[in-house]
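Visitor: Sequence and predicted structure below; questions after.
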Amino acid sequence: MADKQARNGRSAALAVDDPRKVRNVVLVGPSGSGKTTLVEAILAATGAVPRAGSVSDGTTVCDHDPVAVRQQRSVGVSVAPTTYEGIKINLIDTPGYADFIGELRAGLRAADAALFVVCAADGVDPATIALWQECAAVNLPRAVVISRLDHQRADVMAEMHACQEAFGAGVVPVYLPADGDGPGLIRLITRRYADYSGGYPPTISEPGVHQATAAGSADQARDELIEGIIGESEDESLMDRYLAGEDIPETTLIEDLETAVARGSFHPVIPVCAHTGVGLAELLELITRGFPCPVEHALPEVTAPSGEPHTPLQADPDGPLAAEVVHTSVDSYVGRISLVRVFSGTLRPDRTVHVSGHGLADRGHADHDVDERVAHVYSARGTELSEVPFCVAGDLCALTKIGSAETGDTVSAPSDPLLMRPWPMPEPLLPIAVTATKRGDEDALSRNMARLVASDPTLRLERNPETNQLVLWCMGEAHADVALSRLRAGDIEVTSEEVRIPLRETFAGPAKGHGKHVKQSGGHGQYAVCFIEVEPLPRGSGFEFVDRIVGGVIPNQFIGSVEKGVRHQMSLGLADGYPVVDIRVTLVDGKTHSVDSSDAAFQTAGALALKDAAANGGITLLEPLDEIEVRVLDEYLGTVLGDLSARRGRVLGTEAEAGTSTVRADVPATELLRYAVDLRSMTSATASFTRRFARYEPLPQGVKARA
């Protein structure tokens, strides 16, 4: 396989035997910032591919999914390994659109450092800041890449200042574009000029040739950089030496810079252009020398599948096997492909492993502990799988035909089964009702749905027994579009329909009912008469049945029959076919026949009595209310509150904290069907919300039931 790749002009992504020779780097940034294009440029520069692919042509390594090609944006995690100066670099491309936050978090889990990519012409919006905060939440070391320098509206210095203002302290330029004729960068520490007029690799000039930048002299920027590096240095004497006028050696500055970057307290800014090659050499140098190797990165917490504590792990190839499935895809020829990050031990082919998954039962992922045999271990570059003899701690690999493995599962040794604490999964809040167009495709739809949910833990599948709808909960419209496209790719016709919200019925007031079931037709007849009184109860009280029969007018064996009949009719509904709730039914009188009375007859009479009472007392429709919590920036608070009012919501309270507010409100579930989409639109994708069922309340008059 490696020879075949070499003949194709590609460098094989071979296995490495030392975690210190691995760099796992995730590319994070808003959609359209150029992450996938940058991956292509790095692969081409390092010889991993003969030439860079194009997003618009659908020829990139990472955007191989048909949906990604059609939409011209990443929709899932993809890995592209390459090598540079003896270091294996696993480039992990992630989507930038908010719907795919689950894929982003999977990429963060697999990585040890991040390249945060922003376009030189776009500025920094709140959605981009939210992505930065996702990286900060897991304390991931990161550098800022200002991309697309060739854009007609590109303004590197303005974008750099915007990043410093938005992302805070520690964001400092290490390279600046020169104010010259050709494309190039000034390396601030060494004062050298990297000339990219001839493309990659650059020609390096001595200090003093190109010192002017678009913002003026590079000396001022260099002084600010050195002060920032010294401020992060563990050598407290450096600042005194610098202030005394001593020229700090370049090697010392570079070493302290690399230490600060690896520690995550310093975020260097690098201008990069994928098309001209500007900045690629500097970027590769940062990745291999400044970013931490797996040995330096903290590992996830592990326990036994039973929950018992386990000794903390280290990125040791000789340690106990502990790996995690960070992404799952399905290939029409190969079948299920599991992308795995090995955190400890060494994963080898022709071995039995233990696959454990717990904690996602509410998403349709039942807890499981299964032993599986690994036939082959692969290095994955997009859709290309290259077989490797092993995968050591710190590296990424792909496994095929591991039928029980789902995203988030732990892979360990059968003799020492482990379970990793799963990364936080966002809650899907956009429901889509899915149905097969052809009746004969229903079984195939169920199978495809199960495979789809197994590959994406941000999806949740439920079958509503009241509406008989198969509901797929998604993160947003783009996420739903991807899910439906993958279902349709399974050779079945699938369509979506409006989600129906199950309502309830209750009595509007006290009422009396009379049920009489008398039938005579040769042999034993049927005879049962009962009188009931019905009164509504407070919301959430359920159902009460009271027996007030005196004198044995209805024998004891038939009193339970009346209750059965009433309960059955409640389940069928009285006015619009919705279940009846929150009532007390009192059996007060009745008549029997010594021969013709029976259990079935009194069940029928009980149902008829409830219907009669409904006709006398009237029925009220109840709609479900959800309690939601919306976390929103203060600048959008007024818009959110106004929208909640328009949705018939009732605000319960608002708590403010550091520029954000949390709003609690009760909102009818029928008004929340598209709230995930609408909230994102009105807050520039910066707000989030959670929901939980609260109770049922009467549907206001004049409001049409959308069920």
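Guide: That came through, no problem. None of the values given here were measured: they were computed from a predicted structure. Numbering: from 1, shown residues only.

Visitor: quick one: the strands in the stretch 451-600 of the chain?
Guide: For the stretch 451-600 of the chain, the strands defined by DSSP state E, counting those that start in this stretch cover 460-464, 469-474, 494-497, 504-507, 511-519, 526-536, 543-547, 583-591.

Visitor: Correction: the previous question concerned the stretch 51-200 of the chain.
Guide: 78-84, 87-93, 113-119, 142-147, 171-173, 175-177, 184-187, 192-195.

Visitor: Any idea which of the strands of the stretch 451-600 of the chain gets closest to Glu250?
Guide: strand 469-474 (51.8 Å; C-beta to C-beta). Heads up, the C-betas are built off the backbone N, CA and C, glycines and all.

Visitor: Mind giving me the packing neighbours of that closest one?
Guide: strand 430-436, helix 442-455, strand 460-464, helix 477-488 (3 or more C-beta pairs under 8 Å, 6 or more residues apart in numbering; DSSP states H and E).

Visitor: try 7 Å
Guide: strand 430-436, strand 460-464, helix 477-488 (3 or more C-beta pairs under 7 Å, 6 or more residues apart in numbering; DSSP states H and E).

Visitor: Distance to Gln152 and mean pLDDT added to the ones you listed, as JSON lines?
Guide: Output for those, formatted as JSON lines (distance: least, C-beta to C-beta, whole Å; pLDDT from 0 to 100):
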{"stretch": "strand 430-436", "distance to Gln152": "36", "mean pLDDT": "93"}
{"stretch": "strand 460-464", "distance to Gln152": "43", "mean pLDDT": "87"}
{"stretch": "helix 477-488", "distance to Gln152": "27", "mean pLDDT": "89"}
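
Visitor: Asp125 is nearest to which of these?
Guide: helix 477-488 (17.4 Å).

Visitor: Need the contact partners of the closest one.
Guide: Outside of helix 477-488, the residues within contact range by C-beta atoms under 7 Å, 6 or more residues apart in numbering are 67, 75, 97, 99-100, 430, 432, 448, 452, 459, 472, 474, 494, 496, 677.

Visitor: Format the CA atom coordinates belonging to it as CSV.
Guide: Provided in CSV are the C-alpha atoms of helix 477-488 (Å, rounded to 0.1, in the frame of the first residue of the first chain):
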residue,chain,number,x,y,z
GLU,A,477,-31.8,23.0,9.6
ALA,A,478,-28.3,22.3,8.1
HIS,A,479,-27.9,19.3,10.4
ALA,A,480,-31.3,18.1,9.4
ASP,A,481,-30.5,18.5,5.7
VAL,A,482,-27.4,16.4,6.2
ALA,A,483,-29.3,13.7,8.1
LEU,A,484,-32.0,13.4,5.5
SER,A,485,-29.5,13.4,2.6
ARG,A,486,-27.7,10.4,4.3
LEU,A,487,-31.0,8.6,4.8
ARG,A,488,-31.9,9.1,1.1
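
Visitor: Can you check what angle separates it from strand 430-436?
Guide: Helix 477-488 and strand 430-436 meet at an angle of 20 degrees, taking axes from the mean of the first three to the mean of the last three C-alpha atoms, to 10 degrees as the criterion.

Visitor: What are the buried residues along helix 477-488?
Guide: Using 16 or more other C-beta atoms under 10 Å as the test for burial, helix 477-488 gives 478-487.

Visitor: For Glu535, state which of the residues you listed is nearest.
Guide: Among the buried residues of helix 477-488, Ala480 lies closest to Glu535 (C-beta to C-beta), at 44.4 Å.

Visitor: so how far is Trp473 from that closest one?
Guide: 9 Å (C-beta to C-beta, to the nearest Å).

Visitor: now Arg51
Guide: Counting by C-beta to C-beta, the gap from Arg51 to Trp473 is 41 Å.

Visitor: my guess is Arg51 meets Ala44, correct?
Guide: Yes: Arg51 lies in contact with Ala44 (C-beta atoms under 7 Å); the separation is 5.7 Å.

Visitor: and the two? which has more neighbours close in?
Guide: Neighbours were counted for Arg51 and for Ala44 using other C-beta atoms under 10 Å; Ala44 has more, 19 against 10.

Visitor: Just say helix, strand or coil for that one.
Guide: helix (DSSP: H, G, I helix; E, B strand; the rest coil).

Visitor: In contact with it, which residues are there?
Guide: Ala44 touches 51-52, counting by C-beta under 7 Å, 6+ apart.

Visitor: hmm, 10 Å instead?
Guide: Shown in contact with Ala44 (C-beta atoms under 10 Å, 6 or more residues apart in numbering): 50-53, 82, 200, 274, 277, 280.

Visitor: picking that back up, may I see the buried residues of helix 477-488 arranged in a markdown table, with distance to Asp18 as well?
Guide: Formatted as a markdown table, those follow (distance: C-beta to C-beta, whole Å):
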| residue | distance to Asp18 |
| --- | --- |
| Ala478 | 40 |
| His479 | 39 |
| Ala480 | 44 |
| Asp481 | 43 |
| Val482 | 38 |
| Ala483 | 40 |
| Leu484 | 44 |
| Ser485 | 41 |
| Arg486 | 38 |
| Leu487 | 43 |
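
Visitor: Closest to Val566 out of these?
Guide: Ala480 (41.5 Å).

Visitor: Of the helices and strands packed on strand 469-474, which is nearest Leu360?
Guide: Nearest of those (C-beta to C-beta): strand 460-464, 9.3 Å.

Visitor: Which residues belonging to the closest one are considered buried?
Guide: Residues of strand 460-464 classed as buried: 460-461 (neighbour count, 16+ other C-beta under 10 Å).
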